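Visitor: Coordinates only, no sequence provided:
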């Protein structure tokens, strides 16, 4: 080939490559948007429940918060395992193996039932658990009443996640969003009726709030099953065929992938719980400012979380196609998309740093001036935290598409606790930076974790690593 021919070939290849990257970006955005909106819908329902419970009184609202500490660990354990349905089903979709897609959903539902029964029973001992943890008996009793209703939500909520992951893996996440949007007003109506005795329903206060959540979750799962079984394109996969057939090898693989996801989530959320406790040692204003900044971060987090779910699907599909170049491209597109979005949102938050605390506390609250000023400062300090949190979320999703979850769990222990917690403790107290120091520590934790995950994904894909896809037997 002559030099002129070489230049011409290179010029032709560059636009083609750019076209592939643009196409990947389009696929990721189309998947991520409904997934992120679904998560925002879930937060809306949780917020509605808290508002309705808050009208019962401070004691009931505090009891609901205590109940969630018991519920959270149990729910996260199963959520991580069920999340492994997404990479397994996406890899099968990429490999054009409908039987394997069905198997992935089947073992996800089996895991839901096997783990869900003991976790449900555990919630009925919530009052005893909280008393053992040193809580006041009266508060523990109220929390136990709430958990007696919430316990029934665990299995249908996990099962809905499993079906939702199946839908996303075959590039159709929209029905899960439609179901969630329909559930928001239904949840508000059922919760209001069962809490306060409206619409001819019994007034069950906290028990009613928990039962309402369980009923709505069951309804969401039933709707998802109906759509998956009867509507295109899902029905061609016969998603519930042979649902009672044991599939122990694939179930073991699901647990092997999903259990480290649960561990990672618990390690990460544990750091933020510990940060809240550290704020409590500083001042009431520090606790309130921390919660405002953290809630803002949680709302922003839903978009990178949706991007991460899309990254798992896109990377998993490329793995199924045995396409190492497509695998690498899918992951880096998701990481860049999350970083870009969070960078833009960080600028917005910085510009609105004084208005955001007012939205939480109200403008006519002179006693909250210290809290609002500190919250505005934390929102600026959190600029790097927001960006790195988005990057680590997307990178983690990409690695899950490669079935790589154990090493990221080790990275999370190192980043969140060896780096993060020690930094929060030292900067917050030894240096006298207080709440600002704690948030710098959180930024260092997410920064370290993001760097390690991106390095891990880059290292694996640079050598063309592709995990084995289970045979569709």
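Guide: Structure received. Treat the numbers as computed from the prediction; the structure is a model and nothing was measured.

Visitor: rest of the way, CA atoms for contacts and neighbours
Guide: OK.

Visitor: Sort out which residues of stretch 427-446 are buried, please.
Guide: For stretch 427-446, the buried set under the neighbour-count rule, 16 or more other Cα atoms under 10 Å, comprises 427-429, 434-446.

Visitor: try stretch 413-423
Guide: Neighbour-count burial for stretch 413-423 flags 413-417, 419-421, 423 (criterion: 16+ other Cα under 10 Å).

Visitor: closest to residue 288 among these?
Guide: Proximity of the buried residues of stretch 413-423 to residue 288 was ranked by Cα to Cα; the top entry is residue 421 with 19.8 Å.

Visitor: Give me the distance between that closest one and residue 276.
Guide: Spatial separation of residue 421 from residue 276 under the definition Cα to Cα, to the nearest Å is 11 Å.

Visitor: Residue 218 now?
Guide: Counting by Cα to Cα, the separation of residue 218 from residue 276 is 33 Å.

Visitor: Please apply the same query to residue 93.
Guide: For residue 93, the distance to residue 276 under the criterion Cα to Cα works out to 42 Å.

Visitor: got it, and residue 195?
Guide: 30 Å.

Visitor: The two: which has the busier surroundings?
Guide: Using other Cα atoms under 10 Å as the criterion, residue 195 and residue 276 rank with residue 195 on top: 26 against 19.

Visitor: give me the element that one is part of.
Guide: Under the criterion DSSP states H and E, the helix or strand holding residue 195 is helix 174-196.

Visitor: could you say what helices and strands that helix packs with?
Guide: Applying 3 or more Cα pairs under 8 Å, 6 or more residues apart in numbering; DSSP states H and E, we find helix 174-196 packed against helix 3-54, helix 154-169, helix 205-230.

Visitor: what packs against the longest one?
Guide: Here helix 3-54 touches helix 58-83, helix 174-196, helix 205-230, helix 284-320, helix 324-351, going by 3+ Cα pairs under 8 Å, 6+ apart.

Visitor: now these in CSV, with distance to residue 102 and mean pLDDT?
Guide: Supplementary listing: the helices and strands packed on helix 3-54 in CSV, determined by distance: least, Cα to Cα, whole Å; pLDDT from 0 to 100:
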stretch, distance to residue 102, mean pLDDT
helix 58-83, 14, 83
helix 174-196, 18, 94
helix 205-230, 11, 94
helix 284-320, 15, 88
helix 324-351, 23, 93
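
Visitor: Can you get me a residue count around the residue lying closest to residue 169 once chain neighbours are set aside?
Guide: If you skip the residues right next to it in sequence, residue 169 has residue 90 as its closest partner in space, 4.5 Å away by Cα to Cα, 6 or more residues apart in numbering. Residue neighbour count, defined by other Cα under 10 Å, stands at 32 for residue 90.

Visitor: Now do the contacts for the residue nearest in space to the middle of the chain.
Guide: Nearest residue to the geometric centre of the chain (Cα atoms, centre = their mean): residue 305, 5.9 Å. The contact partners of residue 305, by Cα atoms under 8 Å, 6 or more residues apart in numbering, come to 36, 390, 393-394.

Visitor: Sort out for me which of these are in helices.
Guide: Where the contacts of residue 305 overlap with helices, as defined by DSSP state H, the overlap consists of 36, 390, 393-394.

Visitor: which residues touch residue 327?
Guide: With contacts taken as Cα under 8 Å, 6+ apart, residue 327 has the following neighbours: 314-316, 318-319, 461.

Visitor: For the residues you listed, which single residue is the most surrounded?
Guide: Within the contacts of residue 327, residue 316 tops the neighbour count with 36 neighbours, counted by other Cα under 10 Å.

Visitor: Residue 217 versus that one, what's the distance?
Guide: Plainly put, residue 316 is 28 Å away from residue 217 if you go by Cα to Cα.

Visitor: cool, residue 78 as well?
Guide: In this structure, residue 78 and residue 217 are separated by 15 Å, where distance is defined by Cα to Cα.

Visitor: These two: which has the busier surroundings?
Guide: Here residue 78 and residue 217 are set side by side on neighbour count (other Cα under 10 Å), and the busier one is residue 78, at 28 against 24.

Visitor: so that one touches residue 156, yeah?
Guide: No: in this structure residue 78 lies outside contact range of residue 156 using Cα atoms under 8 Å: 11.6 Å.

Visitor: Isn't residue 180 up against residue 220?
Guide: Yes: at 7.3 Å, residue 180 and residue 220 qualify as touching, with contact defined as Cα under 8 Å.

Visitor: so which of the buried residues of stretch 427-446 comes closest to residue 354?
Guide: Of all these, residue 436 has the smallest distance to residue 354: 16.2 Å, by Cα to Cα.
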